[in-house]
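Student: below are the sequence and a predicted model; questions follow.
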Amino acid sequence: MSELSFAKSFLSTLDSRPINLRADHVFDPEQVGLRVPYTLPRLSAPHPPMPKKVKSAHAPGSSKSITVRVKSARNPALDFPITNAPLSTTSVQDIRDAVRGRVTDPQGGQVPLEKIKILYKRKPVTGTGKTLAEMLVDEPTILAGGKEVEIGIMIIGGAQAVESSATQPEAPEKRDESPPKPAVGPSGEEVLRTEAFWDDLQGYLEQRLKDEAEAKHLRSLFKDAWKSSN
């Protein structure tokens with residue numbers, strides 16, 4: 001077989017076999033035309049909007065108020081209410097401040113806050129930032145609001161209550177039921193004839209006008225008008 005016939009036979013054999021390309025083979029689109037039309041992939045359906053986050057319900061008692069009855073059976077004997085106390089914001093510190101404003105130490109000074117102990121169900125409440133809602137977490141009926149809870153206090157070293165004007169009984173108003181006494185001295189036109197009346201008038205005008213010359217002028221004017229009318 002000649003070389004030419006061998007080459008033709010070899011090429012025809014290669015032509016009948018499929019063409020295998022490497023995975024990283026790249027066609028030049030300017031030199032090789034596309035055999036099939038190229039279509040873009042269909043866009044995926046848009047994601048549904050994310051549901052809005054609904055704020056979780058407030059903690060029990062966060063927007064409720066109660067009445068706190070502060071009591072102390074020992075020295076000093078205290079019993080006063082704190083009305084409309086928000087459960088979520090009223091703290092142990094607030095109750096201490098309310099007690100501190102109503103007592104003094106044996107020397108009459110201010111009681112240190114660390115000596116004022118808060119008790120609930122006869123047990124001390126630790127911490128100063130704890131709120132009423134945290135103290136009453138096991139009392140769902142009270143956390144519903146509108147209730148009254150009793151809080152005990154104990155003052156280390158003793159104290160004395162400060163008497164407020166609100167707790168002191170009001171003295172009965174004394175009424176003078178005696179008949180009015182008649183005026184003594186000159187009256188009416190007799191007063192206008194005295195120089196003391198016109199001196200008093202001038203002094204009043206000076207005080208109101210803050211002008212001595214104008215006060216004298218008005219005094220003379222009023223006095224002349226009164227004389228002419230008579």
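Tutor: Cool, got the structure. Numbers count the residues shown, from 1 in each chain.
Student: show me where pLDDT drops low in this protein?
Tutor: The model of the chain has pLDDT under 70 over residues 1, 18, 21, 27, 29, 31-38, 53-63, 73, 163-186.
Student: which residue ranges of it form strands?
Tutor: 65-72, 78-86, 103-104, 116-120, 123-124, 148-155, 160-161 (DSSP state E).
Student: buried residues in the fourth one, which are they?
Tutor: When you say that, I think you mean strand 116-120. 116, 117, 118, 120 (16 or more other CB atoms under 10 Å). (C-beta placed from N, C-alpha, C; glycine too.)
Student: give the contact list for the residue nearest the centre of the chain.
Tutor: Nearest to the mean C-alpha position of the chain, by CA atoms, centre = their mean, lies residue 89 at 9.3 Å. With contacts defined as CB atoms under 8 Å, 6 or more residues apart in numbering, residue 89 is in contact with residue 131.
Student: distance of it relative to residue 95?
Tutor: Plainly put, residue 89 is 12 Å away from residue 95 if you go by CB to CB, to the nearest Å.
Student: same question for residue 137.
Tutor: 17 Å.
Student: more neighbours, those two?
Tutor: Comparing residue 137 with residue 95 by neighbour count (other CB atoms under 10 Å), the higher total belongs to residue 95, at 22 against 14.
Student: bridged to the nearest residue to that one once chain neighbours are set aside, which residues?
Tutor: Among residues not flanking residue 95 along the chain, residue 118 sits closest, at 5.7 Å (CB to CB, 6 or more residues apart in numbering). For residue 118, the beta-bridge partners are residue 153 (DSSP bridges).
Student: surely residue 118 and residue 150 touch.
Tutor: No: under the criterion of CB atoms under 8 Å, residue 118 is not in contact with residue 150, lying 11.7 Å apart.
Student: what residues sit buried inside the longest helix that the chain contains?
Tutor: As assigned by DSSP state H, the longest helix anywhere in the chain is helix 212-229. Of the residues in helix 212-229, 215, 218, 219, 223 count as buried by neighbour count, 16+ other CB under 10 Å.
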